[in-house]
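Q: generate coordinates for the sequence data below:
(one chain, ligands or ions: 2)
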Amino acid sequence: MVSLAHDIAREPGVEISVHEVSHRFDLEGAPLPVLDRVSFTARRGEFVALLGPSGCGKSTLLRLVAGLEPPTEGVVAADGARIDGPDPSRVVVFQDPTLFPWRNVRDNVALGLEAQGLLKQRGARIDETLRLVGLENFAKALPHQLSGGMAQRVALARALVNDPDLLILDEPLGKLDSLTRLSMQGEIVNLWRRAGFTALLVTHDIEEALLMATRVIVFSERPASIKADIAIDKPYPRHRDDPDLVERRREILGLLGLDASW
Ligand SMILES: Nc1ncnc2c1ncn2[C@@H]1O[C@H](COP(=O)(O)OP(=O)(O)OP(=O)(O)O)[C@@H](O)[C@H]1O
Ligand SMILES: [Mg+2]
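A: Ligands and ions are numbered 1, 2, ... in the order given. Below you'll find the model as predicted:
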């Protein structure tokens with residue numbers, strides 16, 4: 001049995017609080033407001049999905065939580081401590097897996113540990129993580145020898161090898177075909193349930209949010225403010241035709257200004 005237990009005995013996950021966060025960019029000399037007083041808390045071990053119109057500011061919010069830039073106003077905190085830079089305990093997986101083409105699967109997954117000088121100490125963790133994502137037989141393969149879904153699995157393994165407290169997913173399945181997407185949704189949920197990290201997922205797919213998350217936050221058009229914060233209190237695995245989820249889907253489509261006729 002492969003486990004994602006931490007080296008040191010402690011509870012996995014982290015509480016992320018976003019407090020009154022507003023953010024502006026400078027667009028050719030004019031301020032572009034992107035986030036408007038966004039506040040929410042993702043509790044330890046929670047799986048929060050973020051939905052909203054294209055360009056409303058979702059990826060920007062994830063970047064602030066990852067510590068890649070500071071918010072113009074407000075505070076983003078991890079377990080009560082202000083986030084003021086990136087940290088290996090918070091990892092991001094993007095839509096594009098961005099693997100190094102000349103490094104094999106194992107060496108791509110090793111990157112995170114290598115960067116922290118932990119390769120010797122925790123090398124066994126790499127093989128364990130490859131098993132977790134079902135790629136143990138492809139350790140020596142190069143990225144061009146993988147399918148899109150397998151490449152995204154490598155990106156996921158590269159994130160999980162650090163035993164993150166927070167996994168930030170920015171449309172990680174956006175480029176996958178619908179069948180691979182469905183199976184990856186289930187796999188990510190299983191990994192999350194086993195490991196207990198906190199997850200923040202941006203997706204354009206309402207069904208994906210409803211199948212995976214314990215909570216769905218719906219944003220307005222830019223500058224993004226929170227339109228709804230909906231608890232999805234359903235056991236896993238979930239079914240897309242569950243009447244409660246169908247109703248939620250209808251509700252969210254309405255919030256996004258789309259009708260549910262299709
Ligand atoms: N570095 C930047 N400088 C200036 N403007 C930026 C920068 N990054 C993002 N923006 C602007 O901020 C707005 C929000 O972008 P963001 O990428 O957060 O949207 P999004 O909700 O993730 O969209 P999508 O769903 O299409 O991925 C956009 O109008 C974008 O042009
Ligand atoms: Mg985005």
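Q: list, one by one, the residues from the stretch 1-150 of the chain near ligand 1.
A: Within the stretch 1-150 of the chain, the residues that sit near ligand 1 (CB under 6 Å from any ligand atom) are 25, 27, 32, 34, 52, 54-60. C-beta: built from backbone N, CA, C; applies to glycine.
Q: can you add secondary structure and neighbour count and give those residues back as TSV?
A: Converted to TSV, those look like this (DSSP: H, G, I helix; E, B strand; the rest coil; neighbours: other CB atoms under 10 Å):
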residue	secondary structure	neighbour count
25	strand	13
27	strand	9
32	strand	13
34	strand	22
52	coil	23
54	coil	8
55	coil	12
56	coil	20
57	coil	28
58	helix	25
59	helix	17
60	helix	21
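Q: so among the residues you listed, where is pLDDT lowest?
A: Least confident of those in the model: residue 27, at 91.
Q: show me what it bridges to in the sheet.
A: Residue 27 has these beta-bridge partners by DSSP bridges: residue 30.
Q: how far away is it from residue 102?
A: 37 Å (CB to CB, to the nearest Å).
Q: again, but for residue 120
A: Distance, residue 120 to residue 102, using CB to CB: 22 Å.
Q: returning to that earlier point: the residues of the stretch 1-150 of the chain next to ligand 1: which two are farthest apart?
A: 27 and 52 (19.3 Å; CB to CB).
Q: can you count the residues close to residue 84?
A: If you count neighbours by other CB atoms under 10 Å, residue 84 ends up with 10.
Q: which SS class is it?
A: Reduced to three states with DSSP: H, G, I helix; E, B strand; the rest coil, the structure at residue 84 is coil.
Q: so what's it up against?
A: 67, 70 (CB atoms under 8 Å, 6 or more residues apart in numbering).
Q: and it, its phi and psi?
A: When quoted as degrees, to the nearest 10, the phi and psi of residue 84 stand at phi -130, psi 20.
Q: list the buried residues in stretch 180-189.
A: 180-182, 184-185, 187-189 (16 or more other CB atoms under 10 Å).
Q: hmm, which two among those residues are most spread apart?
A: Pairwise distances across those (CB to CB) peak at 15.0 Å, for the pair 180 and 189.
Q: mind checking which of the buried residues of stretch 180-189 land in helices?
A: 180-182, 184-185, 187-189 (DSSP state H).
Q: all good on my end, thank you.
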